[in-house]
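>>> Would you be able to build a 3D model of this:
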Amino acid sequence: MGALLEVLAGKRMVVLTGAGCSTESGIPDYRGGGRPPSRRPIQQDAFVRRPEVRQRYWARATLAWPRFAAAAPNAAHTALAALERTGAVRGIITQNVDSLHRRAGSQRVVELHGALAVVRCLGCDLTEARSALQERLVAANPEWVGSRLAGAVALAPDGDFEVEGAGLANFRIPTCVGCGGTLMPDVVFFGGTVPAAKVATAWALIDEAEVLLVVGSSLAVYSGYRFVRGAAERGLPIAIVNLGKTRADDLGRVHVEQPAARLLPYLVERLSRSSSWPSPPPPSWHPCHALPILAT
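You can find the predicted model right below:
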């Protein structure tokens, strides 16, 4: 812990978070603690091209949504929001799709892979709240949903349940309310491409940083790992808080293997006693801006 404090104290941080930041909110990860992936993730191309993949996803996601939507920010999320208020954290780049950083109060958040709380039409690009689509999904499949909710117990990383069996082929998927097109969660599944504007905004945050803190990610996915490589190329020290090995252990100045929700509140306490930072950025910054609005 002493080495971690030495790297972070008094420096402007940008934080890169992964699934390990949300596991204590009840949302599982794919490969936490260095274990092999727990399941094959949904592939973007398969979802777009194959109706049976969409049918399986939406059937499973309909069962899982109430539990996923009920997940609350944990101590790791609230600690990072507190550090942003002090000016220590300049922003968060997250690979997670649960929106828990925003719900915890963080303002400058780049959601690289989108958010499950929003659904987008692949035809006309109209968006819809996932909660509104949930009502339509249940209304279209009342008997199917009602007969399976009791047995659905294991929330999966993509925000769905592991459920198969008879009747899946009969599950009905509502279409876009605007054009009747195909609906997809407003997220980047595996194999998809992060929008260029989001990547640019994330790099702009890195440009503000004096240190990069990685929390709860093995960095196995390139969309997050590239920012660690970029930070290293810029000469920024890199600190890692993650259970198990990461892809960037050779780049990190320090690696602490502790659960994020246990370590980060302690980090807030220690840093607030020993450090001072410049004023935090104004709340008017928005992730859709190509460049953040800066205080100075």
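
>>> Report how many residues lie close to residue 135.
By the criterion of other CB atoms under 10 Å, residue 135 has 11 neighbours. C-betas here are computed from N, CA, C, even on glycine.

>>> Do I have it right that residue 238 meets residue 232?
Yes. The pair residue 238 / residue 232 is scored as a contact, 6.2 Å apart, by CB atoms under 8 Å.

>>> Which helix or which strand is home to the residue lying closest to residue 140 once chain neighbours are set aside?
In space, residue 140 comes closest to residue 172 once its chain neighbours are excluded; the distance is 4.4 Å by CB to CB, 6 or more residues apart in numbering. Assessed by DSSP states H and E, residue 172 sits outside every helix and strand.

>>> What of residue 65?
Residue 65 belongs to helix 51-70, assigned by DSSP H and E.

>>> From the contact counts, what lies against that helix?
helix 44-49, helix 130-140, helix 142-148 (3 or more CB pairs under 8 Å, 6 or more residues apart in numbering; DSSP states H and E).

>>> got the contact list for the helix or strand following it?
Elements were assigned by DSSP H and E; along the chain past helix 51-70, the next helix or strand is helix 75-86. With CB atoms under 8 Å, 6 or more residues apart in numbering as the test, helix 75-86 has contacts from 13, 15, 17, 21-22, 24-25, 89-92, 100-101, 103-108, 215-216, 260-262, 264-265, 267-268, 271-272, 277, 280.

>>> Show the buried residues in those.
Neighbour counting over the contacts of helix 75-86 (16 or more other CB atoms under 10 Å) leaves 13, 15, 17, 21-22, 24-25, 89-92, 100-101, 103-104, 106-108, 215-216, 260-261, 264-265, 267-268, 271, 277, 280 as the buried ones.

>>> OK, contacts around residue 115?
97, 98, 99, 186, 187.

>>> ok, so of these, who is nearest residue 68?
For the contacts of residue 115, the closest approach to residue 68 (CB to CB) belongs to residue 98, at 7.4 Å.

>>> and the closest one, which of the three is it?
coil (DSSP: H, G, I helix; E, B strand; the rest coil).

>>> Check the burial of it by counting its neighbours.
24.

>>> now, which of the contacts of helix 75-86 lie within helices?
Per DSSP state H, helices hold the following members of those: 100-101, 103-104, 260-262, 264-265, 267-268, 271-272.

>>> Turn the residues you listed into TSV, including distance to residue 113 and pLDDT.
Compiled in TSV, the ones in helices among the contacts of helix 75-86 are given as follows (distance: CB to CB, whole Å; pLDDT from 0 to 100):
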residue	distance to residue 113	pLDDT
100	13	98
101	13	98
103	17	97
104	18	98
260	18	97
261	21	96
262	25	95
264	21	97
265	26	96
267	25	92
268	26	92
271	28	89
272	31	81
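
>>> Spatially central residue for the protein, please.
For the chain, the residue nearest the mean C-alpha position is residue 96 (0.9 Å; CA atoms, centre = their mean).

>>> so what's it up against?
17, 18, 19, 21, 22, 27, 111, 113.

>>> Greatest separation within those residues: which pair is it?
Across those, no pair lies farther apart than 27 and 111, at 14.4 Å, counting by CB to CB.

>>> Counting by contacts, list what the lowest-mean-pLDDT helix or strand in the chain packs against.
Between all helices and strands in the chain, the lowest mean by mean pLDDT, DSSP states H and E belongs to helix 142-148, at a mean of 81. With contacts taken as 3+ CB pairs under 8 Å, 6+ apart, helix 142-148 sits against helix 51-70.

>>> how many degrees apart are the helix it packs on and helix 130-140 in direction?
For helix 51-70 against helix 130-140, the angle by axes from the mean of the first three to the mean of the last three CA atoms, to 10 degrees is 120 degrees.

>>> Would you check how far apart residue 255 and residue 70 are?
Applying CB to CB, to the nearest Å, the value for residue 255 to residue 70 is 33 Å.

>>> who has more neighbours, these two?
Each of residue 255 and residue 70 has its neighbours counted (other CB under 10 Å); residue 255 has more, 18 against 9.

>>> Not counting sequence-adjacent ones, nearest residue to the more buried one?
residue 240 (4.4 Å).

>>> does that neighbour sit in a helix, a strand or a coil?
Assignment for residue 240 (three-state DSSP): strand.
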